[in-house]
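[1] got a sequence here, can you model it:
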Amino acid sequence: MAKSPPASRAAVLPTSWIWRQSLPSLRHTDRLGRAIGSVLKGGESLALSGALGAGKTALVRGIATGLGAPAEAVSSPTFVLLHEYRGRLPLAHIDLYRLNSSREVESIGLADYLSGPTVVAVEWANKAPGILPDDRLELELRHRSVQSRSIQLRATGPLSAALLARIKHYTALPTTRPRAQRRRKRKGKPSS
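    A predicted model of the protein is given here:
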């Protein structure tokens, strides 16, 4: 009697390839974005998803700032579909919200940005199935309350896993305060 093949299961990712964080305020979203931007090496693809107002553009603003681009230059590309920012590395910020088909996605030239040193951050990335690289960092933002969000970062291959490890390491580093602030705190005086 022949055995039937085992039921196929979805690929199980190592737990180190998935990271969840709470973002209690816009400041925390910006801080995480800056950390991501600080550790990018070039050529990475970032696939952002989440409901309207979940913080996708705010996160990209932090990423751009971490790359050395001015934060005030970053705005949602919903109507223009694509913004480019120059910093330590070039950043292409793409918003697919208004697009309805893979053909429309292809028409904006997304594939042109997916090679070379450009970092690509795609909002509403679920509208580009099969177009983004298999190895990408997926960032899913969710509302928790009016001010707070949660985020799940999911690496889908070895390059994005290495990026996720750099992000975790960077965010785990202790923040340092100037020496004068540390002295005041030890004496029981509030730091200014």
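[2] can you tell me, leaving aside adjacent residues, what's nearest to E44?
    If the residues on either side of it in the chain are set aside, E44 comes closest to V119, at 5.2 Å by CB to CB, 6 or more residues apart in numbering. C-beta: built from backbone N, CA, C; applies to glycine.
[3] from G43, how far out is that neighbour?
    Using CB to CB, to the nearest Å, one obtains 7 Å as the distance from V119 to G43.
[4] which residues sit in contact with L99?
    Neighbouring residues of L99 by CB atoms under 8 Å, 6 or more residues apart in numbering: 81, 105, 108, 124, 127.
[5] torsion angles phi and psi at the fourth one?
    Phi and psi for W124, reported as degrees, to the nearest 10, are phi 60, psi 40.
[6] tally of neighbours for the nearest residue to it once chain neighbours are set aside?
    If you skip the residues right next to it in sequence, W124 has L96 as its closest partner in space, 4.2 Å away by CB to CB, 6+ apart. As a burial measure, L96 scores 23 neighbours (other CB atoms under 10 Å).
[7] how about the contacts made by L96?
    The contact partners of L96, by CB under 8 Å, 6+ apart, come to 81, 105, 122-125, 127-128.
[8] can you tell me the SS state at L52?
    Recorded secondary structure, L52: coil (DSSP: H, G, I helix; E, B strand; the rest coil).
[9] wait, I meant R166
    Secondary structure, three-state DSSP: R166 is helix.
[10] torsion angles phi and psi at the closest residue to L81 other than its chain neighbours?
    Nearest in space to L81, with sequence neighbours left out and distances taken as CB to CB, 6+ apart, is I108 at 5.2 Å. In terms of degrees, to the nearest 10, the main-chain angles of I108 are phi -90, psi 0.
[11] I'd say I108 and L82 touch.
    Yes. With contact defined as CB atoms under 8 Å, I108 reaches L82; the gap is 6.1 Å.
[12] if we can go back for a sec, from the contacts of L99, which is closest to S148?
    Taking CB to CB as the measure, S148 sits nearest to W124 out of the contacts of L99, at 21.8 Å.
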